[in-house]
Structures are given as structure tokens and as C-alpha cells.
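J.: Just to be clear, the model below is a prediction. Sequence and coordinates:
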Amino acid sequence: MKRKWLSLFLCLSIIMVMLAGCSSKQNSSNEGFDELETEDIEATVAPTTTDTANASDASEKLITVGFAQIGAESDWRNANTTSMKSTLTKENGFNLIFKDAQQKQENQIQAVKDFISQGVDIIVLAPITETGWDDVLNEAKSAGIPVILVDRMVKVSDESLYSCWLGSNFEKEGVTAANWLTDYLKTQGKDKEKQNIVVLQGTIGSTAEVGRTKGFDDTIKKSSNLTILEEQTGEFTQAKGQEVMESYLKKYKDIDIVVSQNDNMSFGAIDALKAAGKKPGKDVIIVSFDAVKAAFLSMIDGDLNASVECNPLHGPKVAELIKKIKNGETVDKVQYIDESVYSTDNAEAELPNRQY
């Protein structure tokens with residue numbers, strides 16, 4: 001009987017050992033699976049986290065630029081916008097926010113306010129007129145946002161409200177136009193003859209209009225045979241240029257010279273002269289500004305006599321200035337673009353080189 005119980009006890013013991021061994025193997029197997037599964041998840045998630053961080057770093061490295069453009073009133077302005085947009089790209093390290101003010105200063109001021117609220121890194125402003133900027137530029141300064149002016153200047157009580165200005169020497173352009181005209185009249189044997197001039201001005205109060213008017217008028221006064229009959233704004237547009245030229249033709253019998261402060265107004269003046277039965281470029285000398293590609297075609301056709309260049313390709317220089325300012329470097333307050341003057345003599349040869 002004792003032997004029987006002993007045998008039963010031994011059997012039960014063996015069974016218990018076997019069960020314990022199975023349980024140990026099962027637990028060991030589960031632990032291994034859990035560990036492997038966790039490592040696999042980490043390996044899958046880790047690259048995604050890294051990619052997200054890299055994307056965030058890349059985004060943070062972009063310089064966010066708010067550009068408040070005047071509008072799209074002329075070929076020059078469109079070329080200027082294209083230059084800025086094609087340069088201030090993400091590939092070049094920029095995030096550009098572009099606003100078209102449609103020729104209204106209130107729209108432009110609101111655009112600058114929006115840039116400030118969005119916390120851009122830098123503001124680029126092509127001001128419609130020179131005055132009325134103190135308040136909003138003070139807001140930008142208080143927010144610690146540097147401002148670069150392009151094309152046109154501003155008149156403010158504190159010049160520290162903007163970092164620098166980039167554009168053309170408009171007064172010099174006016175002088176260049178006047179000098180070209182007096183030289184041309186000499187070649188035509190008309191330097192002693194009385195010549196009547198009408199002027200199509202740009203937007204009154206804009207830097208281009210102020211500079212070109214002063215430079216041209218001051219130089220022309222030195223020639224006693226040249227008389228400016230009237231100056232009136234054509235607002236830098238072809239339609240308005242044509243309208244003003246039509247009014248000049250009704251008002252004055254003898255107009256010898258038209259000076260137009262941009263090419264688009266010149267095209268309008270040419271249309272008005274042709275409609276009145278006159279031959280532009282021959283019956284009436286036309287001196288223009290900007291030297292866009294269409295002006296070269298007009299010079300080749302003989303309708304336009306000369307155009308003083310106003311280089312709109314500001315993008316590369318603006319990008320350079322932005323990076324310098326962001327790096328804490330000092331930049332010159334005034335930055336001029338290189339420019340020239342073109343006429344019927346060299347228009348055809350120069351046309352293939354024009355980018356705008």
C-alpha cells in the first residue's frame with residue numbers, strides 16, 4: 001500500500017515538474033516576442049520623428065519675407081515683381097508672402113500691418129508715395145522687423161524706421177534724359193530753334209516722379225530755346241497717358257517734344273499722336289523712361305526716340321541685402337542699380353540682351 005502511494009507521489013511530482021517547465025518556456029517565449037515587437041515599433045517610428053524634425057528645421061531656416069508691391073500698372077512693375085518672386089524662393093532660402101496693393105496706399109499700409117501680425121522676418125516695401133509711412137513703420141520697428149525699401153523712397157521723421165533703400169537714381173535719370181535731348185537736337189540742327197515740351201508725369205509724389213521731374217526741369221532751364229508748356233500726371237498707365245496727351249493736343253497747337261516718365265505712358269501718347277494724324281518720333285520727339293523690351297521695339301519702329309533705363313531686376317540684390325541684415329551685418333543706407341540710356345541708334349543691337 002505504501003509502495004502504491006509512493007509511486008503515485010512520484011508520478012505527480014514528475015507531472016508538476018513538466019508543467020513548470022512548459023510554463024517557463026511559454027513565458028520566456030512571450031517576453032522575447034514583446035521585446036522584439038517594441039524594438040520594431042521604435043525602429044519604424046524613429047525615422048518618422050527624425051524626418052519631422054528635419055522638416056521643421058528646414059522650415060525654421062527659411063527667411064519669411066513680406067513684400068508689399070505697388071501694383072501691376074506697367075511692364076516695368078511686372079518685371080520687378082517677377083524678379084522678386086523668382087529670386088525669393090524656398091530653394092534660395094526664402095518664404096515669400098506677396099501683396100499687390102493695386103495702386104492704393106491704404107492697401108499697402110494694411111499689407112504691412114498684416115506682415116507685422118504674421119511675424120515675418122523682414123518686410124520689403126515699394127511705397128506708392130513718399131509720405132504717410134511713419135505710423136506703420138514705427139509699428140514694424142517696435143515689432144523688431146527690419147524694412148527694406150525698393151524703387152521708391154519715403155519721407156519719415158526717423159530714418160532708422162527702415163534699414164536701407166534700393167533703386168534708381170531718379171534725379172540722375174531726369175538729368176540724363178535732358179542731356180540726351182539737348183545733344184539730339186544739336187545733331188538735328190535744332191539746338192537754336194524754339195522747342196515746346198509737354199511732360200507726362202508719373203504718380204505725383206512718388207520718388208520716380210519727384211526725381212525725374214526735378215532732374216529734367218533743372219537741366220532744361222539751362223537751354224533758353226526749350227520751353228516746358230505743361231506737366232500733368234498720366235499715373236504711369238498707358239490709358240491715362242493717352243488721355244492726357246489727347247488733352248495736350250487739343251490745348252496746344254505746337255508741341256515739338258513729349259517727355260513721358262515711363263514707357264507705358266509713352267505708348268499711350270504715341271496712340272494719341274497717330275490718331276491726331278501726327279508721326280511720333282518724327283513730327284514730335286518722344287523721350288521716355290524705363291527702357292522695357294516693348295520700348296525697344298517702339299524705338300526700332302521709329303515711334304519712340306529714346307528711353308532712359310530704370311532697371312527693375314531688384315530680386316538678386318534684395319536677397320543679398322536680406323541675408324546681410326539677418327546676419328547682423330551693416331549695409332549702406334542707399335543702394336543704386338546700374339542703368340544706361342538707349343535710342344533709335346542702338347535699340348536693335350541691344351534688344352536681344354533685354355530681360356524685361
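T.: Yep, it's here. Residues are numbered from 1 along each chain as shown.

J.: what distance separates stretch 90-104 from the middle of the whole chain?
T.: Offset of stretch 90-104 from its chain centre (CA atoms, centre = their mean, to the nearest Å): 7 Å.

J.: In it, which residues are buried?
T.: Judged by neighbour count using 16 or more other CB atoms under 10 Å, the buried positions of stretch 90-104 are F94, N95, L96, I97, K99, D100, A101, Q103. Just so you know, the C-beta spots here come from the backbone N, C-alpha and C atoms, and that holds for glycine as well.

J.: First-to-last residue distance for stretch 191-207?
T.: Terminal residues of stretch 191-207 are spaced 30 Å apart (CA to CA, to the nearest Å).

J.: Work out the gap between that stretch and the centre of the chain.
T.: Stretch 191-207 sits 28 Å away from the centroid of its parent chain (CA atoms, centre = their mean).

J.: if we can go back for a sec, what is the nearest of the buried residues of stretch 90-104 to K240?
T.: The closest of those to K240 turns out to be Q103 (CB to CB; 11.1 Å).

J.: separation between that closest one and S298?
T.: For Q103, the distance to S298 (CB to CB, to the nearest Å) stands at 24 Å.

J.: what's the answer for D256, then?
T.: Noted for D256: a distance of 19 Å to S298, by CB to CB.

J.: More neighbours: the two, which one.
T.: A count of neighbours by other CB atoms under 10 Å puts S298 above the other of D256 and S298, at 24 against 18.

J.: Could you pull out the helices in the chain for me?
T.: For the chain, the helices defined by DSSP state H cover 2-61, 75-87, 105-118, 134-142, 170-187, 207-220, 238-251, 263-275, 293-301, 315-326, 347-350.

J.: what does the fifth one contact?
T.: When contacts are taken as CB atoms under 8 Å, 6 or more residues apart in numbering, the neighbours of helix 170-187 outside the stretch itself are 191, 193, 195, 207-208, 210-220, 223, 226, 257, 259, 285, 287, 289, 305-306, 308, 310, 339, 341, 343.

J.: Now, the buried residues of stretch 90-104 that are in strands?
T.: F94, N95, L96, I97, K99, D100 (DSSP state E).

J.: For the residue lying closest to the last one once chain neighbours are set aside, which residues are in contact?
T.: Think D100. Leaving aside its chain neighbours, D100 sits nearest to Q69 (5.5 Å; criterion: CB to CB, 6 or more residues apart in numbering). Counting by CB under 8 Å, 6+ apart, Q69 makes contact with R77, N80, T81, M84, F98, K99, D100, A101, A126.
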